[in-house]
Structure formats: structure tokens, C-alpha cells
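> Mind folding the following:
(chains A, B, C and D)
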Number of protein chains: 4
Amino acid sequence: MRLDHTASGVYAIAATPFLPDGALDYSSVDRLTDFYLESGVSGLTILGIMGEAPKLEPEESIAIIKQVVGRADVPVVVGVSAPGFAAMRSLARKSMDMGAAGVMIAPPPALRTDDQIVTYYAQAVEAIGDDIPFVLQDYPLTLTVVMTPGVIQRIVNDNPSCVMLKHEDWPGLEKISKLRAWQTSGDLRPISILCGNGGLFLDFEMDRGADGAMTGYAFPDMLVDTVKLSQAGERDKAHDLFDAHLPLIRYEQQQGVGLGVRKYVLQKRGAIAHDTQRKPAPQLSAQAKLEVDYLLSRVARFDARAAI
Amino acid sequence: MRLDHTASGVYAIAATPFLPDGALDYSSVDRLTDFYLESGVSGLTILGIMGEAPKLEPEESIAIIKQVVGRADVPVVVGVSAPGFAAMRSLARKSMDMGAAGVMIAPPPALRTDDQIVTYYAQAVEAIGDDIPFVLQDYPLTLTVVMTPGVIQRIVNDNPSCVMLKHEDWPGLEKISKLRAWQTSGDLRPISILCGNGGLFLDFEMDRGADGAMTGYAFPDMLVDTVKLSQAGERDKAHDLFDAHLPLIRYEQQQGVGLGVRKYVLQKRGAIAHDTQRKPAPQLSAQAKLEVDYLLSRVARFDARAAI
Amino acid sequence: MRLDHTASGVYAIAATPFLPDGALDYSSVDRLTDFYLESGVSGLTILGIMGEAPKLEPEESIAIIKQVVGRADVPVVVGVSAPGFAAMRSLARKSMDMGAAGVMIAPPPALRTDDQIVTYYAQAVEAIGDDIPFVLQDYPLTLTVVMTPGVIQRIVNDNPSCVMLKHEDWPGLEKISKLRAWQTSGDLRPISILCGNGGLFLDFEMDRGADGAMTGYAFPDMLVDTVKLSQAGERDKAHDLFDAHLPLIRYEQQQGVGLGVRKYVLQKRGAIAHDTQRKPAPQLSAQAKLEVDYLLSRVARFDARAAI
Amino acid sequence: MRLDHTASGVYAIAATPFLPDGALDYSSVDRLTDFYLESGVSGLTILGIMGEAPKLEPEESIAIIKQVVGRADVPVVVGVSAPGFAAMRSLARKSMDMGAAGVMIAPPPALRTDDQIVTYYAQAVEAIGDDIPFVLQDYPLTLTVVMTPGVIQRIVNDNPSCVMLKHEDWPGLEKISKLRAWQTSGDLRPISILCGNGGLFLDFEMDRGADGAMTGYAFPDMLVDTVKLSQAGERDKAHDLFDAHLPLIRYEQQQGVGLGVRKYVLQKRGAIAHDTQRKPAPQLSAQAKLEVDYLLSRVARFDARAAI
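Below you'll find the predicted structure:
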């Protein structure tokens, strides 16, 4: 399975489960992988920002890739962003050797000008090899790198191995429309667009032409249904389902606290054994947990899956 | 009317209405002021970021203050943030002379350390005079200045004229809890806490002890009701009302596009004659307007006010 | 006198003199203007960052423009950077009416992409009018906006009223070479390039094709001589003179402290009555003053002007 | 040899030599180590920012540590800054096992508040173990983290294993004076202060009480002499020597280009075989090389070592 521009549906950004003492929880890695698959996802993304990748030792990253790729029968994308190209190349090639479908590359925060960004991706492709399909991550809120549609166009057209955009610009609806218009007019090579940002705008992103979501919201099954309803033209139903979850999506979206909320809900849903995060990580307060419980109870009035 | 720490309810961040050619729309200033008052707000804040203050000429700012203060029978807070203290002092003193209830001061983006922030506010108070009540604006997402609870504590305790916190840290729920705990234990002078961030977390901010909202969401009447329900202990009802609006609140919250959405809705509600923004400002696309219309139609199923 | 692309030599960035109580020192404004003229400068730039422009009230800015333009028989450039176009237009047009030769516009810190920067200058020209010659300020170290040579090319070619680049990118030598090469090949409209950065690289900037300096080093007479020697092909002599001053130039270049050093030396040279800065401003410590005195004594071994 | 607070003299920030094809040049690692030792340095620092550490694969880093520690008879400090504590701990413990004298830790760019910085170092010490002496790197210009003297005081007093400050704040002279005053008054535990910033302010930093330099200027022998002259009270001679090199120090200090200049000079001095940098890295233009040659010829008039 190699990633290509026809990818659609939901790619879950997988959390990395830890034991209470901070060690990797390999048993929960399996359980969580199964949970995602049962949720109907079309693919998995591991070792992203929300996978606490920078907190892992190199050998741990390799172990996780091996385990997830070995278990999942869907394409697995591996985050290989690194401060230098040597480490990026090494991780990318090992990932593909182990059976990954592609890799994801975020820009380093220091990039400012259009040319700097385009050059960076040219060098990254030169480093990892142009035979590895890659996902371009566009996430200015966290990465502070701003890519115009024109910059994305240059990167996609220059590098045939760029097959997907992880879209999480904010605001970003007009950007999707623009890229799709360029695709129609032949100015942009076809590309898959999956949306991140915790899913906060997924309802309208689908309306604008996105192919689905790549995010880690703790109800990937809901994301799958929303994408399907939207693709089936059931706009109102898609919004109804989405809106029922929005208060929780919004709560999970808080920078810094979000991953704690996500792991807490995944634990409640039985997908992982513990909600441990590796340091440094802000802890969820008792009151915050009560607030999440309250939100879950409210979602459950509309969506039984939240009755946990 | 002077602002003090007992302030509560909703302070609407007032938009600044322009004619299609970019000139100030003085007639709409009156109309909008009346609209806010009829919505039941407890106060008004003018010349904030969302009031396009930096795009106004000095004489225009003065004209708006005079007009709003003269018409409104609620406290009016004037944003006086400026690159230098000379202009800040000048605007603050003129505002109070015209009858403003207090001023609001945001930190300049270059501040980094705790001491830099504390020193800045000490100098600001020295500049404007310690007889002018002021609101401390804590908005790291836009201003890039991060204040710990301890820094806020130092500013409040050092400066008796600091009577209110405009709270829009993100995430910020624990910060409210912490400040309220310090207030209870006597470690913090009593202070009013009104929440911004477009209202995105107002439901839980009230639960945590906020006194209300200071934000510009185009349904201030809904904000007023949510705050009242919350203060009356009607938690479920507060969340029900809030959740019905959340899809639109979320849409309006997009950085850069938000003000366009807000003015578009205010115009549809008859509160201003035109949704013009002064340059530089991103325009709302036709599709974005259709999306807002759709959101309004969905809100209207629950809240008749949105049936416009 | 209108600024055009043939401008060369030294444009002194004028300090703004204050009395010990912080009031404007109008008498020193005259004295300082005369000092610059006697130093042989080709022009003056007022109300720049180092002129403490943001700390002035609008009326004070106008008074300074009037006084300097009225006294100086060289072109005067006025810094008109502002958070909004209304204030920029107002100050630019008033400046020209009073006899200024042109204006200088720095980009606001939020600009990131090439298109954002190009669009900003298009809007600025639309705002102030295309009949006012303007200087493009390229100063990433302080302003955090990074302009590629290509962006400068677009701005210059799109806007005939852009006649000068204030070049203070760092490192920036290759940028000068590139722009001059494009000018030779006809890809760039002719433009004057004056260098800032406190003069720290002036020796090599002249070698690369700069037309001179626009900076506020407290020995403008030395800058004038260095530029003349360089233009006369006396490379070694230019470097000898420059190197003698480099320890002091380097000391003055410290962000935050630099203006204090500059005003201290200007005062010692009799160009202003007091070295007062308006708040907020870090004070020069007693030890720092001794260090500057020591540096002056060392410069004086080579250049008698520093024997003060 | 374990690093402690009595460290003084010059610790050279070692470059990492590569072959023209980008592979590690192990032979030059030896040659460069010998070069530093013959220059009279008191210690070495490897895998810092200027050692292109982020561009190395984990195994390469280990190989370099082993080789340098095995060859050098002076204390070797290893840069172990990492996005996560797992990798930091792993590299730190392996370094000490191989015979390193201590490690250096730079703060991650996201830190803003005083408490965030202090907490980060507490967690770092918890991660690597409090038995490893470490150097606190204070380099706001590149790292964007601003530490007040008070924050440094808290980190030093809280963590006995913090034995050295790599001081490269800018401006930073008053900071050295303040820390030394606190040390005298007993408010700060004794600590070694070595200065970075490419040596740009070394002359005055010594006057303020620094113990020496930790930087990578291509003439470590000159740094050694300057520090010795200064420590011997030969102030004028120290400045004379320093000033002769200042034009080149200044040229080397350019962000982005500096390492290219440094490697070019090291190659000319025979300390490394090639001036190759790993990508991404800006190349030194032919004209820049001529400029460096010119600067060397001018330094050589005063200091024969530059006659190369």
C-alpha cells in the first residue's frame, strides 16, 4: 500500500500510549490500532505532534512503526519531521522498509519567505528520495510557517512525490477552494486534501472540497460518519452529527491541554489503558475531567457512542 | 460611572461602522450603540482590536468616544493601547474627560519576561495617572505576550487602578480557577473577570467563576442570556443556548476573517448599515456569506433571534 | 527637493532630543540639525525607530517635521510607518505639504508571505498616493519581516514611487549584489540603496554597490568620509577609518541600549543638550558610560573627532 | 574530569568537519581537536548549534563524542538539547559514560514565562539525573527565550548541577555585572560564566567579570590571548589584540553565513580538510571569500597568525 493522491476518508492521528511510569505501553498500541480500524478509518498517521514523537527515543519510534504497520491493514503514514535531513532520511527510509505507505513532513519554524519554504521541501525530497510519497503539513498556528496557495502549488507541481496536503491553516476554507479551482483548471496536479485542526472546521471543509480528515479527535467513528454523510450529499445530517460533537471538539482543541483531553476520552472509551503523557505535559485537573464528563453526557443525548 | 471590580455581565466589544467608501458611518454608530443597549449589555468597549482602532485617525477616535459615551447609559471602556506612552496618556485622559468609565491596555508584543510585563504596566499607570480605572488585557494568541497567574497577581496587587481582567488566554480555564482561589485566600485583590476569545469558552468560563463576557460576537443578546442563566445556576439551559450558537461562534472566531463575519451578521440584524472594513482587511467571499447564512438558519431552529 | 533614485551619500537618522523632564527639546532640534549638516550629510531621516517616533504625540511629530524641514537645506525623509493606513496617509501628506522630500515605510511585523508583503506596499501606496516618493525599509532583525530580493523587485517594479531601499537585512551583502545585478540586466528599475544596521557592515556594503548609509551612528562625519573614500576607490583608507570606529559602532549596535549610547555620545559632542530618552527606555549604567568613554579615547588615537 | 564552577579560559565550540560528499570527515575531527588544543583552549564544546548537531544522525553524534573525548586532554562539554527529554537523557548519559565533562542545555523556543523556563530546567535535570554537571545556555537572539538575571538565579540556586552559564544575551554586559554582584552578596551560588555571541563583546565581557569565552571564532588562539591579557590586567593590550580581529569577528557573526566563514578560515588555517557544511546551509559566494581573504590580510598586519 503506497499513499497516492486518491486517498480519502479519515486518517486517524494516533496517540502514543504510555504506562503510568512513562514507559511505552505496547499492549495499548495494539488495542488503539484495533480501535481505529473498528472506527472505520481509511488510514493511520503515527509519530505526529499529537503522537508525542519528539519525546520518543529513536528505538521507540522504530518499535511503534513496526508494531502498527504490522497490525493495520490500512495505509500508515509516518511523521518524519526532524531538525536535520540526516535523521529525516534515516527515519523515512526505515519506515518505508517496514511497510509504511508514506511519510509526513512539517516545515521547521524558522522558514519565512516563499522561496525558503519551497527550497526546504526540494531539499527534503532530495534527502529522503523522490520515491517516497509524502504529505505536506500546513499548520501555521503551531508551526508559525505560513504557506500561500501559490507556495503549495509550487511544492506539489515541483515534487511528484507530494501526494497529500494535511490542511490545517486557520482560517483555511478559501485556501481549499482555491487549490481545488487550480486543480480543475489544470494549474495544480491532483492532490488529496485531508484536514486537521482537531476537526474544528470539518463540516465546511468537506463542503469546500476536502477529501476527509486527518486528525486525532477521540471519536474517529464520528469523523468517519461525518465525512461519509458529507460525501453522500447529506449536508444537514452531516452538520447535525458534527454540531453535536462540536462542544467537545472545541474543548479538545485547546493548545497544550488538548492531548490530555484526548487521551482521557480514549481511555474512557477503552482504546488505551492509561491517559499518561510523557513530560513535559500539562496535567488535566480534576475539574477539567468533570467538564469533559459533562460534555460527553451531553454528546450522548445525540450520539450513543459518547455514553461512557 | 467609573469602572470598578464589581463589574459583571456582558461588555460588548463594539465594531466601528464605515460607509462603503471607508468613511466613518456616524449614523450607524448610534444605531449600533442602541442595538447593544437593547441587547441588555452591562457595558461597552470601544476602540479595541476588533473596533479597527489602529485604522482610525486620532480625530476619528475622539469623535467616536464622544458619540458613544454621549448616547450610552452604561459604562464605556476605551481601548488606549499605543506604541508609546505619550499617545496612551493623551487618549486615556481625553476619554475620561469625555465621560468614559475606564480604559483598556493590551501589552506590546515585544514583552517577554515576567518583569518586563509588570514594569510595563507600572509605567503605563504612571503615564496615564493612577486615578483612571483600567482593564488588563491578557490575549496571548494574538498579542504573543504570555502572563502567568503570578504576573497578573503582581499587576493587580501593585496597581489599585487595575479593576478588571479581560481574560482571553487559551487555554485559560485553570487560570480563572487559580485567580479566584487566590482572591478567596486573600492573595489577590478582588477583580472583575470578563472573558473574550470571541466567547468560544464562555460556557465553562462562567462555571469557573468569570463575571461575564467582554467580546463582540454578533449576538450580544445571546451572551447576555447565557451569562444570566449561568449566574442563576441553570447550567444545562446555559449550555443548551450556548451550544446552539457554537457553530457560528466557532466560524466567527477565525483569525483574519472573523471581523468580516461579525460585521456581515450585524448588518443582517440591522445593527449597522454596511459591513465595510477599512483596509487592510480580507473580504468575505460569496461562499463564506452563504455558509454564514446556513449557520444562521441552523441557529434559528433553536433561537428565533437568528431568523434573519 | 523630492527624493529620487539618484540619492547617495549619508542620510542621518536623526535622534529626537528631549529635556530632562521628557518634554521635547526644540532648541536641541535646531542644534542637532546643524550638527548633521556640518557633518556633510546628504539628507536627514526623522521620526524613525531610533527617533523614538512611537513615543511622540501627533502634534509633536508635526512640530518636529516643520522645524527640521524649515532649517535643513537637504532632503528630509519622514518615517510614516503606522499600524493603520489612515494615520499613515495623514502623516505622509502633511509631511509633504510641509516640504519633506519623501517618506519611509516599514512593514508591520505580522506580514509573513511574499504576497502579503507585496500587497501591503500596494495598499500603502494607494493610501498615501502614488505621488509621494517613498523608502522601503528592509529590517528583519527588528521587524521580523523577511523580504527576498524577488519581493523587493516586485515592490520596486510595481510602484514607481518607490525610489530607495533602506537596506538592513542581516546578512545582506549578497542581497545588494543581487539587486545591483538585476538593475544592470534591466530586471529591476534603478533604485537608491542606503544601508542601515547602525553602519556595522558599511565597509563591505559600499564594495557591493550601495550608494551610502542611512543610519544614526553618532559620528555621521565619519560615515560621510567612509562613503567618500569608498566612492573614490580608496578601499584601504575607507577600511582603515571604518575599522577605527568599529569597536564603538559595535557597542552602539546593541539592541535596547544602542540609542542610549548614541545620545550619550551626541551629547558629549555638543549636538544635543541632554541624553534623555522617553520611557520606556533602558538607562545607560555608570559603567557603560565609562566603557563608551574608553572607546572614544581609543577611537581618538586614529580620528581626532573622537577626542571629546 | 568533571565540569565545575571554577572553569575558566576558552572553551572552543568545535565545528563538525565533513567530506565534500557530506559524510563525516573523521580524520579532520582529529586534526581539528589537535588544532584547538595547540591553540591553548581550556576545554571543548561539541554538538552545539555551530557544530551542526541537528544535521547528524544519532550514531554519528556518538562517534564524534567518542573520538573527541578520547583524544582531548581537556574537559569536553556535549550539547544535548533535544525536542524531548527521552533523547536528551539518552545522549547525556551516554556522553558521560564515554568520558564527557558535562553537558549543555539550550531552552526550547516555545518557552515564554519565567516559570516555564525554570520548570523546564527542573524537568531536564530530573530527566538526565542531578549527577551530571550542565551548562545553561542563554542565547535569546537565536533561541527567542529571554531569561532575566532572576530566572538564571533561580535555575542556578535550585539545581546544584548547574555549574556554568554560556552567556550570549545581547545586550548582556549589565547581566554579567548583576550576576557577579549577586554572587558576591551570597544571593547566587558561584558559577562559571563563559561568553558566546561569536566573541563580539568579549573585550568588555571580561571587564565585567566573565571567566572567559565559549565560542567558535576561527582564531581560538587569539581568544585565549585576549582572555589571558584581560585576566593579567593588561586592558589596553587586550583591546588592541581584540580590535585587530573585530572586523573579521563581526563578519563571521552574520547569522546564516557565519558558519561558512568560520569553516572557510579553519580550512585555510589547516585545521580541517574541507569547508563543507551539511544541507540546508547557505554557500559562501566567491565574493564573500574574497572579502574574508581581504579581512585576513588586514588582521595579519597586527597578528601574524592571520597571514595565511
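> Strands of chain A, residue ranges please.
Under the criterion DSSP state E, chain A contains strands at A:9-13, A:43-46, A:76-79, A:102-105, A:134-138, A:162-167, A:192-195, A:212-215.
> want to try TSV for the ones you listed, with mean neighbour count as columns?
All C-beta atoms are positioned from the backbone trio N, CA, C, and that covers glycine. As requested, those are exported to TSV (neighbours: other CB atoms under 10 Å in any protein chain shown):
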stretch	mean neighbour count
strand A:9-13	28
strand A:43-46	27
strand A:76-79	28
strand A:102-105	25
strand A:134-138	25
strand A:162-167	26
strand A:192-195	26
strand A:212-215	30
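> so which of the ones you listed gets nearest chain C?
strand A:134-138 (12.1 Å; CB to the nearest CB).
> for that closest one, what is the average pLDDT?
Mean pLDDT, computed over strand A:134-138, is 98.
> Given it, what are its sheet partners and their directions?
If you go by DSSP bridges, strand A:134-138 pairs up with strand A:102-105 (parallel), strand A:162-167 (parallel).
> so can I have a markdown table of these showing mean pLDDT and distance to A:K268?
A markdown table is the format used below for those (pLDDT from 0 to 100; distance: least, CB to CB, whole Å):
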| stretch | mean pLDDT | distance to A:K268 |
| --- | --- | --- |
| strand A:102-105 | 98 | 28 |
| strand A:162-167 | 98 | 27 |
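> got those as JSON lines, with distance to B:L295 columns?
Converted to JSON lines, those look like this (distance: least, CB to CB, whole Å):
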{"stretch": "strand A:102-105", "distance to B:L295": "32"}
{"stretch": "strand A:162-167", "distance to B:L295": "21"}
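> nearest to A:Q67, of these?
Of all the strands paired with strand A:134-138, the one in closest proximity to A:Q67, counting by CB to CB, is strand A:102-105 (17.4 Å).
> contacting residues around that closest one?
Residues from elsewhere that reach strand A:102-105 (CB atoms under 8 Å, 6 or more residues apart in numbering or on different chains): A:2-3, A:45, A:48, A:75, A:77-81, A:88, A:91-92, A:95-96, A:121, A:124, A:128, A:132-137, A:163-164, A:166.
> swap in stretch A:259-268?
Here stretch A:259-268 has contacts from A:15, A:32, A:35, A:50, A:52, A:216-219, A:248, A:251-252, A:254, A:272-277, A:281-284, A:288-289, A:292, A:296, A:308, using CB under 8 Å, 6+ apart.
> rerun that using 7 Å as the cut-off
A:15, A:50, A:216, A:218, A:251-252, A:272, A:274-275, A:277, A:282-284, A:289, A:292, A:308 (CB atoms under 7 Å, 6 or more residues apart in numbering or on different chains).
> Now, the residues you listed that are in helices?
The helices, defined by DSSP state H, take in A:251-252, A:289, A:292 from the contacts of stretch A:259-268.
> I'd like the distance between A:R262 and chain C.
29 Å (CB to the nearest CB, to the nearest Å).
> How about that residue: what's its closest non-neighbour residue?
A:A218 (5.1 Å; CB to CB, 6 or more residues apart in numbering or on different chains).
> what's near enough to touch the one you found?
A:252, A:262, A:265-266, A:269.
> Likewise for A:I272?
A:I272 touches A:15, A:17, A:28, A:31-32, A:263, A:266, counting by CB under 7 Å, 6+ apart.
> please redo it, this time with the cut-off set to 6 Å
A:17, A:28, A:32, A:266 (CB atoms under 6 Å, 6 or more residues apart in numbering or on different chains).
> Show me the contact partners of the worst-scoring helix or strand of chain A on mean pLDDT.
Ranked by mean pLDDT, DSSP states H and E, the helix or strand of chain A with the weakest confidence is helix A:140-143, at a mean of 89. Residues outside helix A:140-143 that contact it (CB under 6 Å, 6+ apart) are A:106, A:109, A:146, A:169-170.
> I'd like the distance between A:N197 and A:Y139.
8 Å (CB to CB, to the nearest Å).
> scratch that, A:I49
8 Å.
> Which one's more surrounded, these two?
Between A:I49 and A:Y139, counted using other CB atoms under 10 Å in any protein chain shown, A:Y139 has the larger neighbour count: 21 against 18.
> okay if I get the strands of chain A as JSON lines plus distance to A:L56?
JSON lines is the format used below for the strands of chain A (distance: least, CB to CB, whole Å):
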{"stretch": "strand A:9-13", "distance to A:L56": "15"}
{"stretch": "strand A:43-46", "distance to A:L56": "10"}
{"stretch": "strand A:76-79", "distance to A:L56": "11"}
{"stretch": "strand A:102-105", "distance to A:L56": "15"}
{"stretch": "strand A:134-138", "distance to A:L56": "18"}
{"stretch": "strand A:162-167", "distance to A:L56": "20"}
{"stretch": "strand A:192-195", "distance to A:L56": "23"}
{"stretch": "strand A:212-215", "distance to A:L56": "20"}
